[in-house]
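Asks: I'll drop the sequence and a predicted model, then ask my questions.
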Amino acid sequence: MPLDRRLAKAVTVPSIPKLTKDVEIECAGCPIRHRAVCAKCAPDELTRLEEIKYYRSYEAGQAITWAGDEMGFVASVVRGVATISQTMADGRKQMVGLLLPSDFIGRPGRSSTPYDVTAVGEVTLCCFRRKPFEQLMATTPHVAERLLDMSLDELDAAREWMLVLGRKTAREKIASLLTIIARREATVGVPAMKGRITIDLQLTREAMADYLGLTLETVSRQISALKNEGVIELGTQRRIVVPDIRRLMAETGDDMDGGLIA
């Protein structure tokens, strides 16, 4: 193979993010309005946010940001799922987190991120120019307070995930991941965690295996077992239906539900 073709094959150049031209979402009607960083904002504060926001969309597999790159924006995930990963010096890569709708990307006061962030499926971000956002935080306590709440929630989630990875069986890990996503669906768009819940699971089984520290075969086997026992139903396009959330939660090995079920 000629040298130029070998180099082209070896080097992956990240594609430029596609700007979303047809997405115009008013803050008051935003699907993540009551979970995002703007959740506590008054109408006049939302108006100020409107002045510094814009939307970006990313296709599956597209890099949102590389570790160490300068970020000129911070953002909330409006739609889709992204992975957070870290690469070691020898090239080994580990997925260390997921970004779901309403999650926040970037850190005010920091110009870069230590992680790679990659879109799993099509992702839409509500972006805020970083410098104006930092200035707004200084004069809008509601934004700073909400960002602190979200940071503490993220810390709790990291501790929960330490338990999942460190102590749980393969079956409990799968059930825990599905429960976490179902809980997020409940807080973002589902009135209550009752009845049938549909999870739009954009992660491939390979990605699930990487995230959970399992093999692909184990993930497939455990999902099939949960399906055969009626705990979940497999829909189309990676959708999973949970007939009874309590039954799924019973498979996680946890002894509490956090008060999410009325």
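Replies: Looks like it arrived, so ask away.
Asks: measure the nearest residue to A119 once chain neighbours are set aside to C30 for me?
Replies: Once flanking residues are discounted, A119 sits nearest to Y58: 4.0 Å by C-beta to C-beta, 6 or more residues apart in numbering. Yep, even glycine has a C-beta here, placed from its N, CA and C like the rest. Relative to C30, Y58 is positioned 18 Å away (C-beta to C-beta, to the nearest Å).
Asks: domain boundaries for the chain, per the record?
Replies: Domain assignment for the chain by automatic domain parsing gives 3-142, 168-250.
Asks: got a list of what the residue nearest to the spatial centre of the chain touches?
Replies: Compute the mean C-alpha point of the chain, and by C-alpha atoms, centre = their mean the closest residue is L99, 1.6 Å away. L99 sits next to V77, V81, A82, T83, I84, I105, V117 when contact means C-beta atoms under 8 Å, 6 or more residues apart in numbering.
Asks: from those, which land in strands?
Replies: V77, A82, T83, I84, I105, V117 (DSSP state E).
Asks: re earlier: of Y58 and C30, which one has the most company?
Replies: Between Y58 and C30, Y58 has the larger neighbour count (other C-beta atoms under 10 Å), namely 23 against 17.
Asks: ok so, going back, can I get the contacts of L99 in JSON lines with pLDDT and neighbour count?
Replies: Listed next are these as JSON lines, based on pLDDT from 0 to 100; neighbours: other C-beta atoms under 10 Å:
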{"residue": "V77", "pLDDT": "94", "neighbour count": "24"}
{"residue": "V81", "pLDDT": "90", "neighbour count": "22"}
{"residue": "A82", "pLDDT": "93", "neighbour count": "26"}
{"residue": "T83", "pLDDT": "91", "neighbour count": "21"}
{"residue": "I84", "pLDDT": "91", "neighbour count": "21"}
{"residue": "I105", "pLDDT": "93", "neighbour count": "21"}
{"residue": "V117", "pLDDT": "94", "neighbour count": "25"}
